[in-house]
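# Show me how the following folds:
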Amino acid sequence: MAADSQNPHSNNRDHQPSLQGGGIQGDDVTRALPHALGPEKSLLSSMLQESQEWIGIAIEEKLTKEHFYLPAHATLYDFLIQLFEQGQEIELVSLVQRLLDKGLLDRVGGPSALSDLYTYSPSPGHFRHHLQHVKDKFVLRSIIQNANEAIAQAYDQPDEVESLLDTVEASILAIREGSETNKAPSIKDTVEEVIEQFQQLLAGEKGAQGISTGFEELDRKSNGMKPGEMFVVAARPSMGKTSLMMNIVEHVCLDQKMPTMVFSCEMSSMQLVQRLVFSRAKFVYSQISRGYTPNKVELQKIQRAVTEIATCKMFIDDTPGITINELRAKARRKKKDEDLKFIAIDYLQLMKSRTKQAENSREREIAEISAGIKGLAKELGVPILILAQLNRGPEGRSGKSLGVPRMSDLRESGAIEQDADLVGLLYRSAYYAEDDEEREALAGKANLVLAKNRNGETGDIPLTFIANLMRFETGPPAHEQD
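Next comes the predicted model:
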C-alpha cells in the first residue's frame, strides 16, 4: 500500500478504484476520479495513534468505508471500526497480527504500509478538516457515478423519460442529504430504540406515539400515524372520504402545527380551503345561498378560522391526474424546503403511472402507484394518508351486510391491501336506507372499519357525520349514545 497509496495511477489495478475502467474515458485519456489520498492517510494515521478519540469522532461524523477512494484504506478503516466497537485495544503489533489472522494484511498493503501510516504523524488539529476533504471527494465521485448511470439509462431507455427523471432526481437528492453515507442501524441500535419507545409509552409520554388523527378510538387502535406508514381510507362515492381526510389534515396541520401537503386530484384547492374554513368555524355555508346573514359570533369564528388557516403550513397541489413520479418529485422538494411531517392524497385511482408496463394493465398501473406511495412514505419518513375507491361489492350485499365494505372491495388491485400499513373502510348506513323513516333513524351514523392494522388491533370505529358541516366527530351520534 505504501507505493500505491501515493500513486493512484499505478499499474496495480487492485488498488485503483474505477468507474467504467478507472475513471472518465476521453480521447485516449483516462481521468482519475476525484480523490484526496493525503487526507485519507491523515485520518487513518490519527486513528491508529489515538484510536479512542479519533475513531469515535469519525463515527459521529458518519464516515464510512465508502468515503475512502483507495480500497486498502477502506478495508483498514472498516477493520478499525470493528475493533473499536468490540472494545479492542488498537496498537500496531497486535493490529498486524489480527489482520494476518483475518486474511486482510495483504489487502491493506502489508506491514510496511501500516508502519508508513502509523508514522505519518499528521497534526491532530486538522482531523476534521481532512475528514471534510475526504467526504467532499466522495460526493464528487457519487455525482460522477450517478451522472454516468443517468447518461447510460438515457441512451438505453429513451421512452421512459418521466421514470428516468424521477430516478435521477432521487439519486441526486440522496447525495445532497447524505443518505448514501449512512450505515444501516445495527440490531443493537434498533433494540435500544424499541425499548426506549416502550419506556416512553409506560410513562405515558405522547411523543412515543405517532401523529394523532384527532379521532380517539382510531388513535388508540393505531397508536397514531407513524413515519413511513401508508394509511388507506377507502369507501364508495358520497361516503365522506374527502371530509374525513380533511378533518385529519386539519387536526395535524392546525392543531398540532405540523407542515402538511395535500394532493387533490378531484377537488380544486379553493374548494378544499372553503370546506376547511367553514368546517373549522362550524358554520353551515349552504345557508348563505338561502339568504342567511351570519351574526357577530359566527363572523368572529369564521375570521378566526381564516387567520389560522392562512398562517399554517399547509400546501395544496390540485394537479388533476398527477403521475406518481410527479407527486414524488414535488413531495421530495417540499420535504427538503419545509420539513413535511404528513402527506394526504385524494385519491389513488385518479393518479397515473406512465411506464410501459402500466400502459396495457390498469391493475399493474394501480400496483405501481401503490408501491410508489409506500416507497415515498419510507423515503421521506412521513406517514401518508391516501383515499381509495371501492368497487360495487357493498351494494351487492343484502340484509345487515348491505353497504358494509370489505378489503376485497378495493378496486383494481390487491397491491393496495398488500402495501398499506393501515386500511380503514368508511361507510354510512343511512345511504342505503330503504325509506325516510329508516334514513332519519340512521342519520349521522358512520363507521370506519379498521380492516388492517399491521402493528395493532383491528375493529369498528364509530363516528358521527355532520352532513351540513362536512365533518366527522368521534363516537356515535348523540341519539344513539342516549
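# Distance-wise, check residue 427 relative to residue 279.
21 Å (CB to CB, to the nearest Å). Any C-beta I mention is one placed from the backbone N, CA and C, and that applies to glycine too.
# where do the helices sit along the stretch 1-150 of the chain?
Along the stretch 1-150 of the chain, counting by DSSP state H, counting those that start in this stretch, helices occupy 2-6, 37-49, 51-60, 71-85, 92-101, 110-118, 127-156.
# and those helices, which is most packed in?
helix 37-49 (a mean of 22; mean count of other CB atoms under 10 Å).
# who does that helix touch, helix- and strand-wise?
helix 2-6, helix 51-60, helix 71-85, helix 110-118, helix 127-156 (3 or more CB pairs under 8 Å, 6 or more residues apart in numbering; DSSP states H and E).
# Quickly note the distance from the residue most central in space within the chain to residue 392.
With distances taken as CA atoms, centre = their mean, residue 380 lies nearest the centre of the chain, 2.6 Å away. As judged by CB to CB, residue 380 and residue 392 stand 35 Å apart.
# where in this protein is pLDDT low?
1-30, 87, 176-190, 193-194, 197-198, 200-208, 354-356, 358, 411-413, 476-482 (pLDDT under 70).
# Quickly list the domain ranges of it.
2-158, 209-481 (automatic domain parsing).
# returning to that earlier point: so the residue nearest to the centre of the chain makes contact with residue 331?
Yes. Using CB atoms under 8 Å, residue 380 is in contact with residue 331, at 6.4 Å.
# Please identify every residue contacting each of those two.
340, 343 (CB atoms under 8 Å, 6 or more residues apart in numbering).
# got the domains of the chain as CSV, with distance to residue 167 columns?
Shown next, in CSV, are those (distance: least, CB to CB, whole Å):
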stretch, distance to residue 167
domain 2-158, 7
domain 209-481, 9
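# Could you work out which of these reaches nearest to residue 168?
domain 2-158 (4.8 Å; CB to CB).
# contacts for whatever helix or strand residue 301 lives in?
Assigned by DSSP states H and E, residue 301 falls within helix 296-311. For helix 296-311, contacts defined as CB under 8 Å, 6+ apart pick out 254, 273, 276-278, 280-283, 294.
# Buried members of the residues you listed into PyMOL, please.
Here is the PyMOL command that selects the buried residues among the contacts of helix 296-311 (16 or more other CB atoms under 10 Å):
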select buried, resi 254+273+276+277+278+280+281+283
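# who are the neighbours in contact with residue 405?
Contacts of residue 405 by CB under 8 Å, 6+ apart are 234-236, 390, 393-394, 425-427, 449.
# Scan those and report the most crowded one.
residue 234 (30 neighbours; other CB atoms under 10 Å).
# separation between that residue and residue 94?
Residue 234 is 62 Å from residue 94, by CB to CB.
# how far out from the middle of the chain is stretch 376-396?
16 Å (CA atoms, centre = their mean, to the nearest Å).
# again with stretch 78-85
31 Å.
# Residues contacting that stretch, please?
44, 47-48, 51-52, 55-56, 59, 65, 90, 95, 98-99, 102, 104, 108.
# now do 6 Å
Outside stretch 78-85, the residues that touch it by CB atoms under 6 Å, 6 or more residues apart in numbering are 47, 55, 65, 90.
# the helices in the stretch 201-350 of the chain, which residues?
216-222, 241-250, 269-281, 296-311, 324-338.
# Now do the second one against helix 296-311, angle only.
Meaning helix 241-250. Relative orientation of helix 241-250 versus helix 296-311 (axes from the mean of the first three to the mean of the last three CA atoms, to 10 degrees): 80 degrees.
# starting at the chain centroid, how far to helix 241-250?
For helix 241-250, the distance to the chain centre is 21 Å (CA atoms, centre = their mean).
# excluding its backbone neighbours, what's nearest residue 420?
Among residues not flanking residue 420 along the chain, residue 232 sits closest, at 4.3 Å (CB to CB, 6 or more residues apart in numbering).
# Sorry, wrong one. I was asking about residue 57.
That would be residue 127: by CB to CB, 6+ apart, it lies 6.8 Å from residue 57.
# Quick one: residues contacting the closest residue to residue 327 other than its chain neighbours.
Spatial nearest neighbour of residue 327, excluding adjacent residues (CB to CB, 6+ apart): residue 263 at 5.8 Å. The neighbourhood of residue 263, defined by CB under 6 Å, 6+ apart, consists of 317, 327, 345.
# Turn those into a markdown table, columns for distance to residue 37 and neighbour count.
Shown next, in a markdown table, are these (distance: CB to CB, whole Å; neighbours: other CB atoms under 10 Å):
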| residue | distance to residue 37 | neighbour count |
| --- | --- | --- |
| 317 | 47 | 17 |
| 327 | 43 | 24 |
| 345 | 49 | 27 |
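# follow-up on the earlier one: now, the contacts of residue 405 that are in strands?
234-235, 425-427, 449 (DSSP state E).
# List just the nearest of these to residue 169.
residue 234 (30.1 Å).
# Can you classify the closest residue in space to that closest one that isn't next to it in sequence by secondary structure?
Sequence neighbours aside, residue 388 is the residue nearest to residue 234 in space, at 4.1 Å (criterion: CB to CB, 6+ apart). Following DSSP: H, G, I helix; E, B strand; the rest coil, we place residue 388 in the strand state.
# contacting residues around residue 388?
232, 234, 347-348, 416.
# separation between it and residue 114?
In terms of CB to CB, residue 388 sits 60 Å off from residue 114.
# got it, and residue 65?
Counting by CB to CB - residue 65 and residue 114 are separated by 17 Å.
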